[in-house]
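[1] quick one: sequence plus predicted model below, questions after.
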Amino acid sequence: MIVNFKYKIPAAILTVLISSFLSFAGDSINPLMNDRIEFLNGDVLHGKILGGKDNIEFYSDLLKSNLNINLSGIYKVNLDSVIRTNTNIVGNSIVGLTSEDSFSANFIGLDSDKLNVETWFCGRISIPRQMLKSLIPSAGASLIYDGPNGMDGWTINNPGYFVNVVVAGGNQGRVVLNKPQAPWIFTNNSFYAIGQGALGKFFDLPERASIDFDISWYGNLSFSIFLYSDTLAPYISNSYMILFTYRAAYLHRRGSVNGVGVTVLGSVEIPELAKDSKASISIKVDKEQRTIALFVNGKFLQSWRDENNFISNGKGIILNQQGTAKIKISNIRITRWDGRIEDTKSTTNKITSDIVKLANKDVIEGKVVLITNNLLTVQTDYTKLDIPLERISGINFANKQDKPEKNVQLVKGFLSDFGSFSFSIEEYSHDKIIGFCPGIGKLTFSPSSFRVLQFNEKEENDLDDSQDFFSDDNEMFK
């Protein structure tokens, strides 16, 4: 049977068969139909995932029929129709694997062979030592924000049109002028700027923080982010502001210094911004040292130091679209930072010793022998040390083996809280996912554990998934 889709799906890439999985139909279908399949060729299909193994069983809201879709053409599945009950659960540790996965878990113990943790998404697991890349063993408060998951708690304003302008420790005001539409909206787990204006929120920002996000744009980029702001309205706050243009970034200090309201602390050229329309941004702030470091696409670009006192005790982060481009902000993650800037040029080298990073920024190299009873035992070249766990900010494990080749059969599951976990699917039903993780074994997950399942990787020259949103034909921009 030939099926004509609104979004054309090439037959050479995937096979779509109308199937009769009647047991999944009817009342078992979530009427919201919020799941979304994104294909490697950029096509999108809305509906609800029903299950599968070698293929995905999917109810198409467009066709009002059940489909059986081959995995080879699927980029990822967004699980938005699942009711989530564990989105606020965060373990007391963060585990990093050599597969580049990371996730939160409750730490149990580590010995010479394995790490034992209790996870909220699949129970207790034992991870072989050779799979470990890093561990933050007392990171219960390391994750501050991972999203966006909606507009709750965020304040919108645009020039001359403030909505819920909030001043830390003060009263909340509201001034509304004739403006037909808010400049920021939330959809598909992302914020979109559809006009000039700002979006801000107060966080429990620590003395040292890492603020990470992905940005895509259509048009001439002119976007700024305000850090440690004492209000949620741009330009009237004490804060630091980084302005991103089509090929550079500029750091401004905003607040009164010797009668000067705005001071430019420096700039850095970013040619990649002129060549592409998307980037991954990481900003690392150390209030004690009065430094702000900028990374773009994982590459360290510049570290600036404010020779005056840190400008503000505010806790606000403001995203500000000040140009005419259409902006997408996604994968926002705010975490506590250990204050170290890793040498990105050496990331391809093998680490031959375990590296233990202490809260006072000291570093110990050796062999982590054991972690138990809130003590870490490390054997160095000169002695054996027992260090209280609360003094440790992180551990990077020695990696004497080459990074394993990517397994194309593995699915990368992006967890509902933050991070990811990769496995192969053995069974998928409406209430559980049975998977197999090499080196760990068979595991059972709830579908609500994940917000996205990624089946294949896109090539670098593939179109950004926000292209349809940025299209001039999109109803949102008419």
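    Nice, thanks for sending it over.
[2] can we go C-alpha only for contacts and neighbour counts from here?
    Fine.
[3] excluding chain neighbours, what is closest to Leu143?
    Excluding its sequence neighbours, the residue lying closest to Leu143 (Cα to Cα, 6 or more residues apart in numbering) is Thr335, at 4.6 Å.
[4] quick one, what contacts the residue nearest the centre of the chain?
    Nearest residue to the geometric centre of the chain (Cα atoms, centre = their mean): Asn331, 3.5 Å. Neighbouring residues of Asn331 by Cα atoms under 8 Å, 6 or more residues apart in numbering: Asp146, Gly147, Pro148, Ser190, Asp212, Phe213, Asp214.
[5] among those, which one lies nearest to Phe203?
    Proximity of the contacts of Asn331 to Phe203 (Cα to Cα) peaks at Asp146, which lies at 11.5 Å.
[6] which secondary structure element contains that closest one?
    Assigning secondary structure by DSSP states H and E places Asp146 in strand 143-147.
[7] report the distance from the very next helix or strand once past that strand to the chain centre.
    Going down the chain from strand 143-147, the next helix or strand is strand 155-158, by DSSP H and E. Taking Cα atoms, centre = their mean, to the nearest Å, the mean C-alpha location of strand 155-158 is offset from the chain mean by 23 Å.
[8] tell me the strands beside strand 155-158, with direction?
    Strand 155-158 pairs in its sheet with strand 161-166 (antiparallel), strand 197-202 (antiparallel), by DSSP bridges.
[9] circling back to that earlier point, for the residue nearest to the centre of the chain, helix, strand, or coil?
    Three-state call for Asn331 (DSSP: H, G, I helix; E, B strand; the rest coil): strand.
[10] likewise for Ser72?
    helix.
[11] ok, Ala274 next?
    helix.
[12] quick one: it from Ile283, how far?
    Ala274 sits 20 Å away from Ile283, going by Cα to Cα, to the nearest Å.
[13] the more surrounded of these two?
    Neighbour count, other Cα atoms under 10 Å: between Ala274 and Ile283, Ile283 has more, with 19 against 14.
[14] residue contacts, that one?
    Contact partners of Ile283, counting by Cα under 8 Å, 6+ apart, are Ser210, Ile211, Asp212, Ile292, Ala293, Leu294, Phe295.
[15] do Leu71 as well
    Residues Leu14, Asp54, Asn55, Ile56, Phe455 are the ones in contact with Leu71 under the rule Cα under 8 Å, 6+ apart.
[16] if we go to 7 Å?
    Applying Cα atoms under 7 Å, 6 or more residues apart in numbering to Leu71 gives the contacts Asp54, Asn55, Ile56.
[17] circling back to that earlier point, and the strands paired with strand 155-158, which one's lowest on average pLDDT?
    Mean pLDDT is lowest for strand 161-166 among the strands paired with strand 155-158, at a mean of 39.
[18] ok so, going back, where does the spatially closest residue to the residue nearest to the centre of the chain that is not a sequence neighbour land in three-state SS?
    Distances taken as Cα to Cα, 6+ apart put Phe213 closest to Asn331, at 5.2 Å, once the chain neighbours are dropped. Under three-state DSSP, Phe213 falls in the strand class.
[19] tell me the bridge partners for Phe213.
    Beta bridges link Phe213 to Ile281 when assigned by DSSP bridges.
[20] pLDDT on stretch 54-70, on average?
    Stretch 54-70 comes out at a mean pLDDT of 85.
[21] buried residues, it. List them.
    Ile56, Glu57, Phe58, Tyr59, Ser60, Asp61, Leu63, Asn66, Leu67, Asn68, Ile69, Asn70 (16 or more other Cα atoms under 10 Å).
[22] ok, stretch 199-211 next?
    Quick answer for stretch 199-211 (16+ other Cα under 10 Å): Leu199, Gly200, Lys201, Phe202, Leu205, Pro206, Arg208, Ala209, Ser210, Ile211.
[23] give the buried residues for the helix or strand that contains Leu251.
    Leu251 is part of strand 248-257 when elements are defined by DSSP H and E. Buried positions in strand 248-257, judged by neighbour count with 16+ other Cα under 10 Å: Ala249, Tyr250, Leu251, His252, Arg253, Arg254, Gly255.
[24] for the protein, what are the low-confidence residue spans?
    Within the chain, the segments meeting pLDDT under 70 span 1-33, 83-91, 138-142, 158-181, 256-260, 340, 342-351, 400-408, 458-478.
[25] how's it carved up into domains?
    Domain assignment of the chain by automatic domain parsing yields the ranges 1-81, 145-336.
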